[in-house]
Structure formats: C-alpha cells, structure tokens
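**Q** The sequence and its predicted three-dimensional model are supplied below.
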Amino acid sequence: MASLAFLILAFAPIAAPLVVLGAGAVLFRRVTSRPPVKGRRLPSGTTCTLVAVMAGAAALGAYASGVMSGFYILDPDQMCASRGAQGDHVVTRATLPVSSQCVTSDGVGTELVPGWVNPVVFVGLTLFVLAVATGILGLVRRFGARA
C-alpha cells in the first residue's frame, strides 16, 4: 500500500496538469456550445463534476509536488545542502500545510517547499468541496422537483 501511495505522489505532478487541461477543454467546449440561459440557476451535475475534477487534480498535483520536493528522494543533509543551508541542521516536516524546513543550529530556517504549493492546495480543495456540494444540491433540487 505504501508503494502505491509513493507512485501516486511520484506521478501526480506529471499527470495533474494533463487532467486539468483535459477537463478544462471539455468544460470550455461544453460552456461555449450551449445557448445562454436567462436567469440564475445551479450548474448541471456534469459541469460540477468537471470543475471538481479540475480542482482536485490541481490540489493533488500541487500537494505531490510539494511533498516530493526532496522529502523522499534525498536524505536531510542533502536536502538542506541543496538549498544552501550551512552548518548543522534539523529538518522539520508538516503534512498540511505542506512544509519542510531546515533549521540550523543558529535558529535560521530555510523552507524547502516552493511558496506556490500551499495556496494551490487550499484553493483547489476549497473549489473541489464547493463543486461537489453544488452538484449534490442541484441533484437534490432536480429530483425534489420531480417528486
């Protein structure tokens, strides 16, 4: 099971942009081919699914990119040396928000995870939850109107 999680983390930064682009192309084609609707209404379940797939793929890809930025490939000494942290150091890690810091004996910390990772993860997760909730609400209203 651990090897499957490692494979997902290893390939997610490569596959996530492809999934986002594919779902975005389908969503764009879907939006431009439909006639405009008067008034306000909830988006369809398919539209919500496409947005959820895009947001989830972006969040997973960013998370995997942050986690794989030295966590499992290099030992702590190599990770810190690759970022220019001099001297003896301790590596601290956090899962959410994604963080890996080299803290030297002087108390100076160097962040190993790129700065764009956590905003993309949290915005992607938020959009994912909103898209799923909107899709469920639309289905409940649609089936409630039929009954």
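**A** It's in.
**Q** continuing past the helix or strand hosting residue 25, what's the next helix or strand?
**A** Element membership of residue 25, judged by DSSP states H and E, is helix 2-33. Using DSSP H and E, the helix or strand that follows helix 2-33 in sequence is helix 45-67.
**Q** now for that next one, which elements pack on it?
**A** Secondary-structure packing of helix 45-67 (3 or more Cβ pairs under 8 Å, 6 or more residues apart in numbering; DSSP states H and E): helix 2-33, helix 117-146. Where C-beta positions appear, they are placed from N, C-alpha and C, glycine not excepted.
**Q** okay if I get the ones you listed as TSV plus distance to residue 107?
**A** TSV is the format used below for the helices and strands packed on helix 45-67 (distance: least, Cβ to Cβ, whole Å):
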stretch	distance to residue 107
helix 2-33	31
helix 117-146	23
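**Q** Which among these is found nearest to residue 103?
**A** Within those, the stretch nearest residue 103 is helix 117-146; the backing value is 18.7 Å (Cβ to Cβ).
**Q** average pLDDT across that closest one?
**A** Helix 117-146 shows a mean pLDDT of 91.
**Q** That one vs helix 2-33, what angle?
**A** On the basis of axes from the mean of the first three to the mean of the last three Cα atoms, to 10 degrees, helix 117-146 is oriented at 60 degrees to helix 2-33.
**Q** list the buried ones in helix 117-146?
**A** Neighbour-count burial for helix 117-146, with 16 or more other Cβ atoms under 10 Å as criterion, is recorded at 117-118, 120-121, 124-125, 127-128, 131-132, 134-135, 138.
**Q** got the buried residues for the helix holding residue 25?
**A** Residues 9, 12, 13, 16, 19, 20, 23, 27 are the ones in helix 2-33 that count as buried (16+ other Cβ under 10 Å).
**Q** Now do the second one against residue 145, distance only.
**A** In this structure, residue 12 and residue 145 are separated by 39 Å, where distance is defined by Cβ to Cβ, to the nearest Å.
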